[in-house]
Every structure is written in C-alpha cells, then in structure tokens.
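> Sequence plus predicted model, see below.
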Amino acid sequence: MSDDLDGIVDNLRETSTWIRVLFMVGFALVLYMVIAPIVVVMMVVQALFAILTGSSNTNLRRFGNALGRYVLQILQFLTYNSHVKPF
C-alpha cells in the first residue's frame, strides 16, 4: 500500500504532467471558444453560398478541411492518443 502512495506522490511531483495538463486546458479552451464559433460562421457562409450561387466556396472548403485536421490533432492530444502538441 505504501508503494502505491509513493507512486502517486511521485506522479504528482512530475512537472511534465502538470505542464501537459496546462496545455490540455489551453487547447480545450481554444477548441471551444475559438474554433467552434469559426465553424458556425463557416457553416452559415457556406450555406449562403450554396443558396445564392448553387455551389459551395472552394476556399472555404479547403479551410474547413485544414481546420478539421487541426481539430483532430487537438482531440488526439486531449485524449492522450498523441503526445505531440498540436502547434
């Protein structure tokens, strides 16, 4: 039992873990407070393009694709599926 507690204390003292937690909080905030509103605006603009011109905007599609890849990188980092910071 004492060895288990020592392991937990050692983990709590590990600065790299705390730094990762800070990065995770920062990336989560960026994801929900910056990227989510951008996606909503892009969705509305693409819908307007489709209504007005009959087709979507190529530049917005490319940007949306790049943004989707970045969101995937953030989610992989937040869920410990990647140790590479998404920047």
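Ah, there it is. Numbers count the residues shown, from 1 in each chain.

> For the rest of this, base every contact and every neighbour count on C-alpha atoms.
Will do.

> In this protein, where's the longest helix?
If you go by DSSP state H, the chain has its longest helix at helix 58-78.

> just checking, what packs against it?
On a contact count with 3 or more C-alpha pairs under 8 Å, 6 or more residues apart in numbering; DSSP states H and E, helix 58-78 meets helix 15-30, helix 36-53.

> List the buried residues in the longest one.
Neighbour counts over helix 36-53 (16 or more other C-alpha atoms under 10 Å) mark Met42, Gln46, Ala47 as buried.

> Next: stretch 20-29.
Quick answer for stretch 20-29 (16+ other C-alpha under 10 Å): Phe23, Met24, Phe27, Ala28.

> What is the nearest of the residues you listed to Tyr80?
Of all those, Met24 has the smallest distance to Tyr80: 9.7 Å, by C-alpha to C-alpha.

> check contacts around the closest residue to that closest one other than its chain neighbours.
Distance criterion C-alpha to C-alpha, 6 or more residues apart in numbering; nearest residue to Met24, sequence neighbours excluded, is Leu78 at 5.7 Å. By C-alpha atoms under 8 Å, 6 or more residues apart in numbering, the residues touching Leu78 are Met24, Phe27, Ala28.

> rewinding a little: can you redo the helices and strands packed on helix 58-78 as CSV with mean pLDDT and distance to Leu72?
Putting these into CSV (pLDDT from 0 to 100; distance: least, C-alpha to C-alpha, whole Å) gives the following:
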stretch, mean pLDDT, distance to Leu72
helix 15-30, 93, 12
helix 36-53, 96, 13
